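[1] Sequence plus the predicted model coming up.
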Amino acid sequence: MSHKYKNLEPEQLEELFSTFLVDSWSYSKVNTFARHQCAFEMQYIFGLYSKMGPSAVAGKAYHLALQYFFAQLKEGEVIGLPAMEQAAFEHIATTPANRWKLGKTTPTMEEAVQEALNDANKLLRNFYVEKDVYMDDIAEILDVEVYFDEFLTVNGVDIPIPCHGQIDLVIRTKAGKVVIVDHKTKKSYTDEQEAAMIIGQQAITYVLGYEARTGTAVDEVWFMENKSSQNKDKSPQIKAIVSVMDENARRLYESLLYEPLRAMIAAVRNPEHVYLINTSDKLVDMAEVYDFWSRTMICEVEDFNVDEGKKELVAKRLKKIRDAGATMVTPEIIKKFRANAAKFIQYDLSSTNMTPQEKIEHVLRTFGIQSRVAHTFEGYSSNTFLLEVGAGTKVGSIHKFRLDLANGLDVETVRIMQEMTVYQGKSYLSVEYAKKRDKDLIYDPSEIKGWSLPLGKDNYGNTIYWDLNSHNTTNVLVCGAVGSGKSAFIRVVIESAKIAGVSDIIILDPKYEFRHLSGPGIDVINEISGIEAAMKGIVEEMERRVKNGISRKTLIVFDEFADAFANARSGNDLKQYENVMEMTSRGFKTKTVHSGTDKSLEENMRILLQKGRSSGFRVIAGTQRASAKIITGDAKVNFPVQVCFRVPKEADSRVVLDEAGAEALCGMGDGLIKSPDLRDTTRFQSYFIK
């Protein structure tokens, strides 16, 4: 029987979803709602998730390592324990600082990370020693880490919002059964008498979602519990809890799931619903819940992490909350309440009333470092603090507390400059961290100074320039992921160059992002064959200019050059052939002979970068791929100016800039630039052009 919401038109779905505070449900949401409604509201409506202790981070790392193991096994390869450990440890190392919860036994980030590494190591060793508990029954791996987003019917009722879920593993056993496998990490095993009722609701959610997505019937669900602490009786560390999905079990589990699901759906459909605080809940930090409650009384919707499409609805809810409590609870009472609640959050400064400056000083003081924030500069996407460090302190020692500072400031990471910053004749240690941007830096052509093109502004209000006249800054490398601001940055350069008087601009654009800029003085080439021909012509023109002592400004913009190199001709495709006449005993005969080899696109680009500066060529090259195979050390020598916007990993930042930092940028024009004209790698905000 068809689900009545499944075939709605997009406009109808939009209207339907506009009445709910959330757009989907999941087992986690239902379970949290049933256990603690206010915690549900905090996490799933306002987007404020509890921080994770080391064991929780280790559990996530364990899941990712098993995902890697079974994905490779599906392809016929059994990977070793070191490869799994590397996948797990990389996740731990890249978990943002503001997601960690510090505690009495792990009061510093270093100790928390080490405990997570130890836990993950134990879990993975348990798995590798006992992996036959999985392997002995597997005939075929059907899916690894499969997602579903489906409208479901539960207990005979069509649920009006889709169910979103993630399933670790689906296998076909040697007995022919289709089994969903869920990897779990535990401090203690689930009691068998409780397991059927508790785990059954999660099992039926997975089953209904997977069957709706794939059409494949599921016979069983296995919950594989791995306990990090060693069993004293030397029994196996991995314990399987099996839920058989026969007709009777399905009916029972659906009825058990439906009641809390129905209550949750009714609540998120009613903006005036009161989400109760459950003081008996041991799984939620009550200080965090109370802090959240107080924030709803005094903060606006922009101060939370609310989904963009739900802001209007949540804003109405916030107004009702405040209106209901306005006569009884004053802002002064709320602020005092927040301060009291914050005292019970172990080692978490994010909920205190300290200023960011005070938090920085406090964190460093706990490590015996006396410092004072002497100056604060508010940028567009980040803030900069200049620290006066006490006499006798080794400045380099502060760098190892970077993550502790980030944790205290409730940000993903902070950037501490390698070199001291001189301001008003005095040296300071510079600390930067990202913030929620509240304004745009609008492009202003009046910033252009002769051949110096404005790129953006640093946090001190200084304009960053690219000087086309300087032989020290001839070419610019720009890297950044989707949404980082790379394309907007390149467009500003093109616009500024045109206004500055560059009458010859050639844009090599394999992704078709800049074809609308084609016009007088600007040629845009998109097809790869045309790009190859254009680059060959540019090199020939460069050599003609060099030979004749000619120099005039020509800007070459090569966007996504890495993709162009990958798709251009190479090897035998570059060979040239011609037909020649050959005399034989029977007369003349036509013969095809190899007459030469074209230079590759990459080689022509390298020649242009190396030799083009004296004849007036300036190159700005952009890519999303921060690959060491593309951006080699030799290649970077030809790009004295390097700009990096947000990239996925620290390793990507190091490829472009030889240092970390770009992985923690905010996107939308928040960038780092390295140039001979600048003393150090500088954080800046690029322009927004309308």
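    Right, received. Where do you want to start?
[2] mind showing which ranges of this structure have poor pLDDT?
    1, 192-197, 324-351, 595 (pLDDT under 70).
[3] tell me the domain ranges of it?
    51-130, 286-342, 356-434, 445-568+599-686 (automatic domain parsing).
[4] Mean neighbour count and distance to residue 36 added to those, as CSV?
    Every residue, glycine included, has its C-beta placed from N, CA and C. Output for the domains of the chain, formatted as CSV (neighbours: other C-beta atoms under 10 Å; distance: least, C-beta to C-beta, whole Å):
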stretch, mean neighbour count, distance to residue 36
domain 51-130, 18, 16
domain 286-342, 16, 8
domain 356-434, 18, 22
domain 445-568+599-686, 19, 32
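[5] Residue 670 pairs with what?
    For residue 670, the beta-bridge partners under DSSP bridges are residue 685.
[6] Was I right to think it contacts residue 381?
    Yes - between residue 670 and residue 381 there is a contact under C-beta atoms under 8 Å: 3.6 Å.
[7] Name all residues that sit in contact with these two at the same time.
    Jointly contacting residue 670 and residue 381 under the rule C-beta atoms under 8 Å, 6 or more residues apart in numbering are 434, 437, 685.
[8] Would you mind measuring from the closest residue to the first one other than its chain neighbours to residue 360?
    It stands for residue 434. Nearest residue to residue 434, sequence neighbours excluded (C-beta to C-beta, 6 or more residues apart in numbering): residue 666, at 4.7 Å. As for residue 666, its distance to residue 360 is 19 Å (criterion: C-beta to C-beta, to the nearest Å).
[9] how would you label residue 387: helix, strand or coil?
    Secondary structure state of residue 387, per DSSP: H, G, I helix; E, B strand; the rest coil, is strand.
[10] which one of the domains of the chain lies closest to residue 136?
    Smallest distance to residue 136 across the domains of the chain (C-beta to C-beta): 10.6 Å, for domain 51-130.
[11] Compute the first-to-last residue distance for the closest one.
    31 Å (C-alpha to C-alpha, to the nearest Å).
[12] Give me the distance from that domain to the chain's centre.
    18 Å (C-alpha atoms, centre = their mean, to the nearest Å).
[13] again with stretch 137-152
    25 Å.
[14] check contacts around residue 121.
    Here residue 121 is in contact with residue 85 (C-beta under 8 Å, 6+ apart).
[15] measure it to residue 142 for me?
    Counting by C-beta to C-beta, the gap from residue 121 to residue 142 is 30 Å.
[16] partners of the strand or helix carrying residue 180 in the sheet?
    Using DSSP states H and E, residue 180 falls within strand 178-186. Partners of strand 178-186 in the sheet, by DSSP bridges, are strand 163-173 (antiparallel), strand 220-227 (parallel).
[17] looking at the ones you listed, which is closest to residue 474?
    Of these, nearest to residue 474 by C-beta to C-beta is strand 163-173, at 48.8 Å.
[18] where do the strands sit along the stretch 1-150 of the chain?
    138-150 (DSSP state E, counting those that start in this stretch).
[19] tell me the phi and psi of the residue of the chain positioned farthest from its centre?
    Using C-alpha atoms, centre = their mean, the residue of the chain lying farthest from its centre is residue 585. It sits 72.0 Å away. Dihedral pair for residue 585: phi -60, psi -20, per degrees, to the nearest 10.
[20] Would you quantify the distance from it to residue 591?
    Counting by C-beta to C-beta - residue 585 and residue 591 are separated by 15 Å.
[21] go on, residue 422?
    Computed as C-beta to C-beta, the residue 422 to residue 591 distance reads 72 Å.
[22] Now for the residue most central in space within the chain: which residues touch it?
    By C-alpha atoms, centre = their mean, the chain has its centre lying nearest to residue 648, at 5.7 Å. Contacts for residue 648 (C-beta under 8 Å, 6+ apart) come out as 481, 663.
[23] quick one: what helix or strand has residue 487 in it?
    helix 486-500.
[24] Centre of the chain to that helix, how far?
    27 Å.
[25] Now do that helix: which elements does it pack against?
    Under the contact criterion of 3 or more C-beta pairs under 8 Å, 6 or more residues apart in numbering; DSSP states H and E, helix 486-500 touches strand 452-458, strand 475-479, strand 505-508, strand 554-559, strand 617-623, strand 682-686.
[26] so which of the domains of the chain gets nearest residue 9?
    domain 286-342 (17.4 Å).
[27] Name all residues that make contact with the closest residue to residue 513 other than its chain neighbours.
    Using C-beta to C-beta, 6+ apart and skipping the chain neighbours, the partner closest in space to residue 513 is residue 487 (5.5 Å). With contacts defined as C-beta under 8 Å, 6+ apart, residue 487 is in contact with 513, 559, 622.
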